[in-house]
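Chemist: predicted model and sequence below, questions to follow.
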Amino acid sequence: MLAGESSFKGCESQAGGHFMEKLPLGRLVHATLIAQGANAAAALAREAGQPDLFDRVQAVASEDPVPSFLHSALCAMSLPVRRPPDDQLPIIRQDGQYTLVITPKAVVQRVNGQQRLAVLGVPYGSLPRLVLIHIMTEAVRSRSRHVLLGASFTDWMRRMGFRTISYGPRGSATLIREQLDRLLACEWMIRWDHEDSSGTKEFGIREIKLTNEYVGIDTKSGGFRREIYLTEQFFEHLRKHAVPLNEHAIRQLRESATALDLYTWLAYRLPRVNPKRPATLSWPQLAVHFGNTGTNIRKFRQTVRDAWERQVSGVYPEARADFDTTVIRLHASPAPLQRKVIRGTHLMLVAPAAAETTDDKGASSDEVSTRFFDALVRTVGSTETRSWFRAAVLERTEDGWQLLVPTRFIADWIRAHYAQALERARVAAELNAVPQVIARSR
C-alpha cells in the first residue's frame, strides 16, 4: 500500500523541493489526490485552469480498473486524426520493421432503392478508435470471434462511454454508424522487413481482414443490431497481440483522437522498455507513428504535449515519460491496470499479505509465494506478470492454496491463458496442486 502524505512528501524532497514542478499536470493532480485528498486536488486543477482535469483523474482513480484491449499494431500505428483530403487512399503506417496498410474497399449500398457500389473511405477521428477498442475487447473477453454489438444502438453507445446520444445528419449516432461502416469495409495488410548482419533482406506480407461477415438490422423505429464475425486469422492474431488498457481511462479520453493515440501507444510501449535504460525517439519519429506528415512538427509537438500534460498523465499516472522540446524519453512502466484509490488518500497497489503459515515441508507462506511468483516471471516475463498478477496474492486455506486476484474477469483470463505458467509455478513452489484462481471478495 502506498503511504499517503508521507510518501508524497518524500518524493518531493528527493529533488530539493522541485520534484512536483517536473510532474506533468495530470499526474500531479493524481498525486495530490492520493496524498492530500479530493479538495486539495480539485483546488490544484482549478488553479491550473483545468477544473475538468480533476474529474477525469478522480473518475479513473476511484474505480478498480476494467481491462479493455486493442491490437498492438493499432497501438503503435494509428488511424488518421481527422478526415484526409482524399479519404479513399490507403492509410500507411510504419513502426520499425513493420508496416501497416489499411485500404478502403468498395461495398454495395442501397441508395434511393437501388444497389450501388461505393467506396466509403478510411475511418478517422476518435469514434473508430472507440469502436475498435470495443470490438476487440468483446472478442478477447468472450474468447470468441463472434461479436454482438447489441440490440439497442443507444445501449451500445452508452457502453462506449457516451452520455448524450443525438440523431440527425451530424448527430453522434449518425457519425458513429458512418465510422463503423468505414471501418468494417477496410482490409488490413501487415508487412515485415528484416535485414541480417550479412545484408540479406527478408520480407513477408500478410493480409489480415478484420471481418469476413458483418450483418445487421435497422428498423424504422430505430432498432439496431450488429453482428461482426472476425476472421479466424485476425482473431488468433489479436489473442496473441492484445494490449491491455483501462476502460475507465478510455472513457475519459473518448473525445480526443490524439489523447487516445498517446494513451494506447504508451500502454503498448512503456511495459516493454528496458528497465535499465530509457528508450528515446525524436518528434519526427513519433509523428510517423501517429500518421503526421511532418509538415508542422512544432504544432504536432504542442498538441501531443498538451494531451500528455492535461489528459493522459492523469488517467495513466503510472506512465513515466518525458516529452521535452527536443526528444522523447520513455521509462519502463507498468501496464495501466492499477488498483483504485481507497479510504480517500491511499492507493492500493498490492493486496495485504496473507497470515503467516507453513506448507507440509516446513516452508513459510512467504517462501512459497516468492518461489511461485519468481517462476511466473521466468515463464511469462515481467511485463505480463505486472499486467495480470500485480495485485495477486497466494494464500493457503483449509481447502488448499488459492491465487486471489482483484476481479472475476482477471481470474477468467488467467485460467484461460496461463494454465501452463501456473503449472510451472506450482512445480517451482513445490505445491501439491495448481492453486485455485479466485476473484477476491469485496
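Modeler: Everything's here; your move.
Chemist: wait, what's in contact with A173?
Modeler: 153-154, 157, 165-167 (CB atoms under 8 Å, 6 or more residues apart in numbering). Quick note: C-beta positions are derived from backbone N, CA and C, even for glycine.
Chemist: what number of residues lie near A439?
Modeler: Applying other CB atoms under 10 Å, we find 14 residues neighbouring A439.
Chemist: who does it form a beta bridge with?
Modeler: Beta-bridge pairing for A439 (DSSP bridges): V405.
Chemist: does it touch I410 like I think?
Modeler: Yes - between A439 and I410 there is a contact at 7.3 Å, judged by CB atoms under 8 Å.
Chemist: shouldn't E232 be in contact with R145?
Modeler: Yes - E232 lies in contact with R145 (CB under 8 Å); the separation is 6.4 Å.
Chemist: which one of the two has more residues nearby?
Modeler: R145 (20 against 10).
Chemist: gap between that one and A38?
Modeler: Distance, R145 to A38, by CB to CB, to the nearest Å: 43 Å.
Chemist: now swap in Q179 and tell me
Modeler: In this view, Q179 and A38 are 36 Å apart by CB to CB.
Chemist: these two: which is more packed in?
Modeler: Q179 (23 against 17).
Chemist: who touches the more buried one in this structure?
Modeler: Here Q179 is in contact with 123-125, 127-128, 131 (CB under 8 Å, 6+ apart).
Chemist: top of those by neighbour count?
Modeler: Of the contacts of Q179, with other CB under 10 Å as the count, P123 tops at 26 neighbours.
Chemist: that's a helix at that one, yeah?
Modeler: No - counting by DSSP: H, G, I helix; E, B strand; the rest coil, P123 is not found in a helix; it is coil.
Chemist: after the worst-scoring helix or strand of the chain on mean pLDDT, heading C-terminal, what element do we hit next?
Modeler: Least confident helix or strand of the chain, by mean pLDDT, DSSP states H and E, is strand 346-347 with a mean of 34. Note on strand 346-347: by DSSP states H and E, the next helix or strand toward the C-terminus is helix 365-380.
Chemist: mind giving me the packing neighbours of that next one?
Modeler: For helix 365-380, the packing partners by 3 or more CB pairs under 8 Å, 6 or more residues apart in numbering; DSSP states H and E come out as helix 382-389, strand 393-397, helix 419-429.
Chemist: need the ones you listed in JSON lines (columns: mean pLDDT).
Modeler: Converted to JSON lines, the helices and strands packed on helix 365-380 look like this (pLDDT from 0 to 100):
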{"stretch": "helix 382-389", "mean pLDDT": "73"}
{"stretch": "strand 393-397", "mean pLDDT": "87"}
{"stretch": "helix 419-429", "mean pLDDT": "89"}
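Chemist: redo those as TSV? Include distance to R191 and mean neighbour count.
Modeler: Putting these into TSV (distance: least, CB to CB, whole Å; neighbours: other CB atoms under 10 Å) gives the following:
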stretch	distance to R191	mean neighbour count
helix 382-389	25	19
strand 393-397	44	19
helix 419-429	32	17
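Chemist: make TSV out of those and add distance to L245.
Modeler: Shown next, in TSV, are the helices and strands packed on helix 365-380 (distance: least, CB to CB, whole Å):
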stretch	distance to L245
helix 382-389	11
strand 393-397	24
helix 419-429	22
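Chemist: who wins for proximity to A59 among the ones you listed?
Modeler: Within the helices and strands packed on helix 365-380, the stretch nearest A59 is helix 382-389; the backing value is 21.7 Å (CB to CB).
Chemist: sorry, back to before: determine which two of the contacts of Q179 are furthest apart.
Modeler: Y124 and V131 (12.0 Å).
Chemist: what segments of the stretch 151-300 of the chain are strands?
Modeler: Applying DSSP state E, counting those that start in this stretch to the stretch 151-300 of the chain gives strands spanning 186-195, 201-208, 211-218, 224-230, 242-246, 279-281.
Chemist: isn't A433 up against Q402?
Modeler: No - between A433 and Q402 there is no contact under CB under 8 Å: 10.8 Å.
Chemist: which of the two has more neighbours?
Modeler: The neighbour comparison of A433 against Q402 (other CB under 10 Å) goes to Q402, with 17 against 9.
Chemist: neighbouring contacts of the host helix or strand of that one?
Modeler: For Q402, the element it lies in under DSSP H and E is strand 400-405. With contacts defined as CB under 8 Å, 6+ apart, strand 400-405 is touched by 351, 368, 389, 391-396, 411, 414, 422, 431-433, 435-440.
Chemist: relative to strand 393-397, how tilted is that strand?
Modeler: Between the axes of strand 400-405 and strand 393-397, defined by axes from the mean of the first three to the mean of the last three CA atoms, to 10 degrees, the angle is 150 degrees.
Chemist: and strand 400-405, which residues are buried?
Modeler: Judged by neighbour count (16 or more other CB atoms under 10 Å), strand 400-405 contains these buried residues: 401-405.
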